[in-house]
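Asker: following is a predicted model, sequence given first.
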Amino acid sequence: MTRDEFYQHLKNHLRTLPNAVEDFEWSNTDNLFDLGLLESFDLPQLVHFLEELLGRRVELRGRTIDSFQSMAAIYQTFVVSDELVS
Amino acid sequence: MLLSDVLLQRIRSATNSLAIVDERESWTGSRLLKEIELFQQALSKLDLRKGDRVIVQMEAKAAAIALLFAIWSTGLISVPVAPELPDKRADEICEKIRPAAYACPVGQLKEGIGFPVVECSKVALWRTGESSQAECPFHPSDPAYIIMTSGSTGTPKGIVMSHGAAAFALSKFARMGVGAGGRVGSISPLHFDFSLLDLGVAFLNATVLVQVPRVLAHHPRALIDYLNEQRISQMHSVPSVWRPMLGNYNCDPVSELPYLDTVVYGAEGFTAAEVQTLQQWMPKVRVVQAFGHTESIGCCYKELSRPPQAFDGRVSLGSAFTETEMFVLGDDGCTPDSGQVGELHVKGPHLFSGYWRDPNLTEERLIPDPRTSENNDLVFRSGDLVLRDEVGEFYFVGRKDFQVKVGGNRVEPEEIELVLSRDPAVSRVHVVPATTRSRTTLVCFVVLHRQIEEFAFSARLRKRAAEALPRYMVPRCFKQLDDLPLLSNGKVDRAKLGLWANQIANSESERKATR
């Protein structure tokens, strides 16, 4: 999956969360928490989504909630870094 | 005795035993004592004086715990704050507390702080201001730490706990015990005093404290794996850590959590039905509820029966620790009959010393015992509305003020309202809690001077809130109204706003479920 495809899938998921507004656009580096698109309550679902999308378990050890702060951070943490490790 | 001496007593007598574990470190008692000594030396390089405040902006890990002990043991006062705190909020806390020193992980040190930095165990420490005035001999009533919480006047308030009060409360909580060879799991951050309860229960029972990474609270499978890997026998947390597992996570704890024998929860409540679900889900696990306020760490705990003793769906809080008292007074100053609601008052050596540099609020909350004029004992007016049943058990009903708990964190909606009202477009603003599926979120209702497109105004206010407030205080939803609903006396109809908030939260929840 390319980076852009990942962002598109992730964006689609974020649009299903309670605060999403249909026509609102955000950038890959925008802070999802500050925009209210993501809350800590949403993280279990987001982690589940990432595991389904990536077809593997995502590793949370050594990570903090800031690993989820933007789409770019999520990609870097759970796709790039994790693939380098595996 | 200093709080550090009380908590380290049993560690000192078994220095070869494991004392504290985090994601990366496993320290024996002797290693912990050595690290404390290193931090004491580092602090001495900053030339601090007894009574100086040290802000600690760190995750709850072994090094942070060693630093806290070093702070307490040298007569300094720790002020833990959230690692993710917005800069604006951190500045506000510094303005209020006027710390003499600051500590954070070396990796998170910002450039250009302008002060010489001392490094110790990958922690950066630096002076930030003037020292306290005078040196004087230690007394148990000296402050050990200050917990910052939301304040209804628009700025955070600091709850000051003395060495004596904290040691007393923790010694009482420690009596809940930990099984032989047990390991206590702690997932609360340092700025949340539940973490101190975990520390006290573990160390005073000569057992191991295991720091569970906070992020695992968001992944039931990863949390279960960590609990097993660390052989955690007693897990301490707010209920929201367990709720995702109780709700829909497919796990058989009997086979998947073989080491766990006790669940301790606090800071917010499970309903009686949730406790029963938890007990059915984990039939061999004892469930202990801790109840109280940061103003005393806590005032009681109760090992829940099966099913739990309940009144109208509410779980019994238990009764006060020995040498302390919990009592209820009605608006008329008299003790209400059983089943009638009144305000909970707490009395005992575990009470806080006051709110940092806020004599008015202190005087309002720490009052002479209203039942007698015969002594000078102070009583904490908690603001909690409770009732007692016929056998004298307490049950939490609500709050006298507007304070709510979000994920176990105390929130004064007025503080959020004040931050948002600074936006020039805002005419009137009210923040109210909404509950959906046992989860409390905040909904903000706003009347603007002029109409703004809905998302633009939401984004604008959310940004303002996120820059100034901890994340748990940022409202989930912002709704624009033409006017606020009013009661016949002209006051805002908060009950109606609460109803609307619940409707909004639940409709969003449904919308999400159907997408």
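Answerer: Thanks, I have the structure now.
Asker: quick check: mean pLDDT across stretch B:359-367?
Answerer: Averaged over stretch B:359-367, pLDDT sits at 96.
Asker: if you could redo that for stretch B:450-463, that was the one I meant.
Answerer: The average pLDDT within stretch B:450-463 is 80.
Asker: report the buried residues of that stretch.
Answerer: Using 16 or more other Cβ atoms under 10 Å in any protein chain shown as the test for burial, stretch B:450-463 gives B:457-463. (Each C-beta comes from the backbone N, C-alpha and C, glycine too.)
Asker: and for stretch A:70-79?
Answerer: A:70-71, A:73-75, A:77-79.
Asker: stretch B:280-297 now?
Answerer: Using 16+ other Cβ under 10 Å as the test for burial, stretch B:280-297 gives B:281-282, B:285-297.
Asker: tally up the residues packed near the residue lying closest to residue B:130 once chain neighbours are set aside, please.
Answerer: Distances taken as Cβ to Cβ, 6 or more residues apart in numbering or on different chains place residue B:100 nearest to residue B:130, at 6.7 Å, with adjacent residues excluded. Here the number of neighbours of residue B:100 (other Cβ atoms under 10 Å in any protein chain shown) works out to 22.
Asker: for chain B, what lies in contact range of chain A?
Answerer: Within chain B, the positions adjacent to chain A are B:23, B:59, B:83-84, B:213-216, B:218-222, B:226, B:240, B:244, B:407, B:439, B:441, B:454-455, B:458-459, B:462-463, B:466-467, B:471-472, B:474, B:476-477, B:508-509, B:511-512, B:515 by Cβ under 8 Å from any Cβ of the partner chain.
Asker: what sits against residue 49?
Answerer: This is for chain A. A:10, A:13 (Cβ atoms under 8 Å, 6 or more residues apart in numbering or on different chains).
Asker: switch to chain B, please.
Answerer: Counting by Cβ under 8 Å, 6+ apart, residue B:49 touches B:75, B:100, B:131-132, B:135.
Asker: if we go to 6 Å?
Answerer: With contact set as Cβ atoms under 6 Å, 6 or more residues apart in numbering or on different chains, residue B:49 has these partners: B:131-132.
Asker: so it, which state does it fall into?
Answerer: Secondary structure assignment for residue B:49 (DSSP: H, G, I helix; E, B strand; the rest coil): coil.
Asker: now residue B:365. Nearest residue, chain neighbours left out?
Answerer: Distances taken as Cβ to Cβ, 6+ apart place residue B:381 nearest to residue B:365, at 5.4 Å, with adjacent residues excluded.
Asker: so that neighbour is in which element?
Answerer: strand B:378-388 (DSSP states H and E).
Asker: and residue B:328, by the same measure?
Answerer: Using DSSP H and E, residue B:328 sits within strand B:325-329.
Asker: now that strand - C-alpha only, CSV.
Answerer: This file holds the C-alpha atoms of strand B:325-329, laid out as CSV (Å, rounded to 0.1, in the frame of the first residue of the first chain):
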residue,chain,number,x,y,z
GLU,B,325,-14.9,10.5,59.7
MET,B,326,-17.3,10.9,56.8
PHE,B,327,-20.6,12.6,57.6
VAL,B,328,-23.5,14.1,55.7
LEU,B,329,-25.2,17.4,56.3
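Asker: what residues of it count as buried?
Answerer: Using 16+ other Cβ under 10 Å as the test for burial, strand B:325-329 gives B:326-329.
Asker: closest to residue B:152 among these?
Answerer: Closest approach to residue B:152 among those (Cβ to Cβ): residue B:329, at 21.2 Å.
Asker: does the closest one touch residue B:341 like I think?
Answerer: No - at 10.8 Å, residue B:329 and residue B:341 do not qualify as touching, with contact defined as Cβ atoms under 6 Å.
Asker: from the buried residues of stretch A:70-79, which is closest to chain B?
Answerer: Comparing the buried residues of stretch A:70-79 against chain B with Cβ to the nearest Cβ places residue A:77 closest, at 10.9 Å.
Asker: could you pull up the residues touching the residue nearest the centre of chain A?
Answerer: Centroid check for chain A by Cα atoms, centre = their mean gives residue A:74 as the closest residue, at 4.6 Å. Contacts for residue A:74 (Cβ under 6 Å, 6+ apart) come out as residue A:68.
Asker: that's a helix at it, yeah?
Answerer: Yes - according to three-state DSSP, residue A:74 belongs to a helix.
Asker: off-centre distance for stretch B:143-157?
Answerer: 11 Å (Cα atoms, centre = their mean, to the nearest Å).
Asker: and the end-to-end length of stretch B:365-379?
Answerer: End-to-end distance for stretch B:365-379: 8 Å, by Cα to Cα, to the nearest Å.
Asker: now that stretch: buried residues?
Answerer: Within stretch B:365-379, the residues that count as buried by 16+ other Cβ under 10 Å are B:365-366, B:369, B:378-379.
Asker: once you drop chain neighbours, what's closest to the residue in chain A that chain B sits nearest to?
Answerer: Of all residues in chain A, residue A:43 sits closest to chain B, at 3.5 Å by Cβ to the nearest Cβ. Excluding its sequence neighbours, the residue lying closest to residue A:43 (Cβ to Cβ, 6+ apart) is residue B:218, at 3.5 Å.
Asker: what's the burial count for that neighbour?
Answerer: Neighbours around residue B:218, by other Cβ under 10 Å: 23.
Asker: is it true that it touches residue A:45?
Answerer: No - assessed by Cβ under 6 Å, residue B:218 is found out of contact with residue A:45, at 9.2 Å.
Asker: overlap in contacts, these two.
Answerer: Counting by Cβ under 6 Å, 6+ apart, residue B:218 and residue A:45 have no contacts in common.
Asker: distance between the helix or strand where residue B:228 lies and the chain's centre?
Answerer: Element membership for residue B:228 (DSSP H and E) is helix B:220-229. Centre-to-centre, helix B:220-229 and its host chain are 23 Å apart (Cα atoms, centre = their mean).
Asker: counting by contacts, list what the next helix or strand after it packs against.
Answerer: The helix or strand immediately downstream of helix B:220-229 is strand B:234-237, counting by DSSP H and E. Packing contacts for strand B:234-237, counted by 3 or more Cβ pairs under 6 Å, 6 or more residues apart in numbering or on different chains; DSSP states H and E, involve strand B:183-186, strand B:262-265.
Asker: can you tell me the closest non-neighbouring residue to residue B:182?
Answerer: Residue B:182's closest residue in space is residue B:233 (Cβ to Cβ, 6+ apart), at 4.1 Å.
Asker: what sits against that neighbour?
Answerer: Contacts of residue B:233 were listed using Cβ under 6 Å, 6+ apart, and they are B:179, B:182-183, B:259, B:261.
Asker: list buried residues within those.
Answerer: Counted by 16+ other Cβ under 10 Å, these give B:182-183, B:259, B:261 as buried.
Asker: farthest pair in these?
Answerer: Taking Cβ to Cβ, no two of those sit farther apart than B:183 and B:261, at 10.5 Å.
Asker: neighbours around residue B:423, how many?
Answerer: Neighbours of residue B:423 using other Cβ under 10 Å come to 18.
Asker: if we can go back for a sec, now pLDDT too, for the contacts of residue B:233, in CSV please.
Answerer: Output for the contacts of residue B:233, formatted as CSV (pLDDT from 0 to 100):
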residue, pLDDT
B:179, 87
B:182, 93
B:183, 97
B:259, 93
B:261, 95
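Asker: ok, back up a step: the strand holding residue B:328 vs strand B:378-388, what angle?
Answerer: When axes from the mean of the first three to the mean of the last three Cα atoms, to 10 degrees is applied, the directions of strand B:325-329 and strand B:378-388 differ by 70 degrees.
Asker: if anything else comes up later, I'll come back, but that's it for now.
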